[in-house]
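Chemist: My questions are about this predicted structure, shown below with the sequence.
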Amino acid sequence: MGDKKIQWHPGFAAALELELRGDREHLRFEVEYNLNMRPLEVDMVVVKKDAAVRLDNEVGRIFRGHNLLEYKSPGDHLDEDTFYKTIAYACLYKAYGREAEEVRAGDVTVSLVREGKPEGLFGYLEENGFRLTNPYRGIYYVEGQTPFAVQIVVTEELEPEGHVWLRALSEKLKERELLELLKQSLHLTGKHDRELADSVVDVSVRANEETLKALMEGGEDMSEALLEVMRPEIEKREKAAMEKGVRQGISQGISQGISQGISRGQIQGTVRTMRHLGYDDAAIRRELQQEYGLSEDAADGYL
């Protein structure tokens with residue numbers, strides 16, 4: 001990835017909220033929760049408004065009233081020191097309640113999240129009297145000498161179909177996985193969800209530039225699949241450009257300007273979108289000739 005600095009933690013916060021959006025009405029998300037004094041911060045706290053509500057997403061099944069999450073990016077280690085540090089953070093969270101017993105130990109959970117399986121930590125836990133169970137794919141419960149319920153989430157092992165967002169926090173995405181991420185992001189409707197998805201996509205694309213390049217250049221089938229995924233966005237931009245062209249034509253009072261504005265706005269919207277996706281001039285020229293019946297010289301006029 002060269003010298004690019006990838007902001008993994010904002011992507012994680014966005015991905016987790018998208019994972020749990022089906023139960024959002026029952027949750028409150030607090031990012032980089034301040035544990036009384038800096039620099040003691042836990043990456044994320046998710047508070048259940050009603051502790052009795054059971055979350056549908058497997059990552060949230062263990063959740064109780066107060067749930068602390070520590071995320072390790074692909075290049076970071078998850079070892080026994082991180083394990084105990086996060087348990088200590090949970091202890092501080094419980095101890096700093098505004099009133100005695102405001103937060104009960106039995107109402108706190110700890111989640112450690114990392115892409116790869118922390119084999120060293122697992123070995124340490126098993127050698128030191130802890131028991132690991134694996135109730136769901138990619139999710140391991142730590143049972144034994146802890147005051148709280150603890151799970152370790154290995155995102156690369158999660159079911160692909162139900163955990164697109166967390167699995168996207170990787171430098172090893174395959175073309176089909178990146179394509180599915182783009183597809184899922186475009187299917188979201190609410191403004192907040194779209195902003196969260198943009199954060200995840202930005203991290204994922206920056207971390208997988210070669211995969212994106214391969215996706216765009218990987219043969220007719222894959223290129224067509226990418227274009228099909230992006231078509232709703234292309235059409236949306238074309239519509240906006242068309243409406244702008246209509247308004248400009250009316251304001252000029254020239255009926256011919258309306259039709260020209262519509263046609264030109266559509267074509268310009270297509271060109272802008274395909275450039276954003278990284279298509280070269282040859283690919284854009286072919287699309288303009290096919291979709292709008294332009295000659296090669298006319299298509300070149302838009303490039």
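Modeler: Cool, got the structure.

Chemist: For Ile62, see how far away the residue most central in space within the chain is.
Modeler: By Cα atoms, centre = their mean, the mean C-alpha position of the chain lies nearest to Val200, the distance being 3.0 Å. Using Cβ to Cβ, to the nearest Å, Val200 is found at 23 Å from Ile62. All C-beta spots, glycine's among them, are computed from the backbone N, C-alpha and C.

Chemist: residues contacting the nearest residue to Val53 once chain neighbours are set aside?
Modeler: Using Cβ to Cβ, 6 or more residues apart in numbering and skipping the chain neighbours, the partner closest in space to Val53 is His26 (4.5 Å). With contact set as Cβ atoms under 8 Å, 6 or more residues apart in numbering, His26 has these partners: 48-50, 53, 55.

Chemist: doesn't Arg194 fall inside a helix?
Modeler: Yes: looking at Arg194 with DSSP: H, G, I helix; E, B strand; the rest coil, it is inside a helix.

Chemist: What about it, how many residues nearby?
Modeler: 13 (other Cβ atoms under 10 Å).

Chemist: I figured it hits His187, correct?
Modeler: No: Arg194 lies out of contact with His187 (Cβ atoms under 8 Å); the separation is 10.1 Å.

Chemist: From Glu156, how far out is the nearest residue to Asp43 once chain neighbours are set aside?
Modeler: Leaving aside its chain neighbours, Asp43 sits nearest to Tyr71 (4.8 Å; criterion: Cβ to Cβ, 6+ apart). The gap separating Tyr71 from Glu156 is 14 Å, by Cβ to Cβ.

Chemist: And those two? Which one has more around it.
Modeler: With neighbours defined as other Cβ under 10 Å, Tyr71 and Glu156 compare such that Tyr71 has more, 25 against 16.

Chemist: quick one: strands adjacent to the helix or strand encompassing the more buried one?
Modeler: Secondary structure assignment for Tyr71, by DSSP states H and E: strand 66-72. Its sheet considered, strand 66-72 pairs with strand 41-48 (antiparallel), strand 108-114 (parallel) by DSSP bridges.

Chemist: Deepest-packed of these, please.
Modeler: For the strands paired with strand 66-72, average neighbour numbers computed from mean count of other Cβ atoms under 10 Å are highest in strand 108-114, which has a mean of 23.

Chemist: And the contacts of that one?
Modeler: So strand 108-114 is contacted by 12, 59, 62-72, 74, 76, 78, 82-83, 86-87, 90, 93-94, 146, 148-155, 166 (Cβ under 8 Å, 6+ apart).

Chemist: What of stretch 71-83?
Modeler: If you take Cβ under 8 Å, 6+ apart as the criterion, stretch 71-83 is touched by 6, 8-9, 12, 43-44, 70, 112-116, 118, 120-121, 124-125, 152, 169-171, 207.

Chemist: So of the contacts of His26, which two are at opposite extremes in space?
Modeler: Longest distance between any two of the contacts of His26 is 11.9 Å, between Lys49 and Leu55; criterion Cβ to Cβ.

Chemist: just to revisit the earlier point, just the buried subset of the contacts of strand 108-114, please.
Modeler: By neighbour count, with 16 or more other Cβ atoms under 10 Å, the contacts of strand 108-114 hold 12, 59, 62-72, 74, 78, 82-83, 86-87, 90, 93-94, 146, 148-155, 166 as buried.

Chemist: what about the chain, any weak spots by pLDDT?
Modeler: Scanning the chain for pLDDT under 70 picks out 1-4, 33-40, 97-101, 218-266, 269, 273, 276.

Chemist: Neighbour count: Lys49 and Leu55, which is higher?
Modeler: Set side by side, Lys49 and Leu55 show more neighbours around Leu55, with 19 against 10, by other Cβ under 10 Å.

Chemist: Roughly how far does that one sit from Asp193?
Modeler: Leu55 is 17 Å from Asp193, by Cβ to Cβ.

Chemist: How about Lys72?
Modeler: 25 Å.

Chemist: Kindly report the same for Asp107.
Modeler: Distance from Asp107 to Asp193, counting by Cβ to Cβ: 28 Å.

Chemist: go on, Lys5?
Modeler: Lys5 is 26 Å from Asp193, by Cβ to Cβ.

Chemist: Between the two, which has more neighbouring residues?
Modeler: Ranked by neighbour count (other Cβ under 10 Å), Lys5 and Asp193 place Asp193 first, with 17 against 7.

Chemist: quick one: contacts for the closest residue to Arg64 other than its chain neighbours?
Modeler: Closest residue to Arg64 apart from its sequence neighbours, by Cβ to Cβ, 6+ apart: Asp107 at 4.9 Å. Contact partners of Asp107, counting by Cβ under 8 Å, 6+ apart, are 51, 64-66.

Chemist: hang on, Glu126 packs against Thr133?
Modeler: No: with contacts counted by Cβ under 8 Å, Glu126 stays clear of Thr133, the gap being 11.7 Å.
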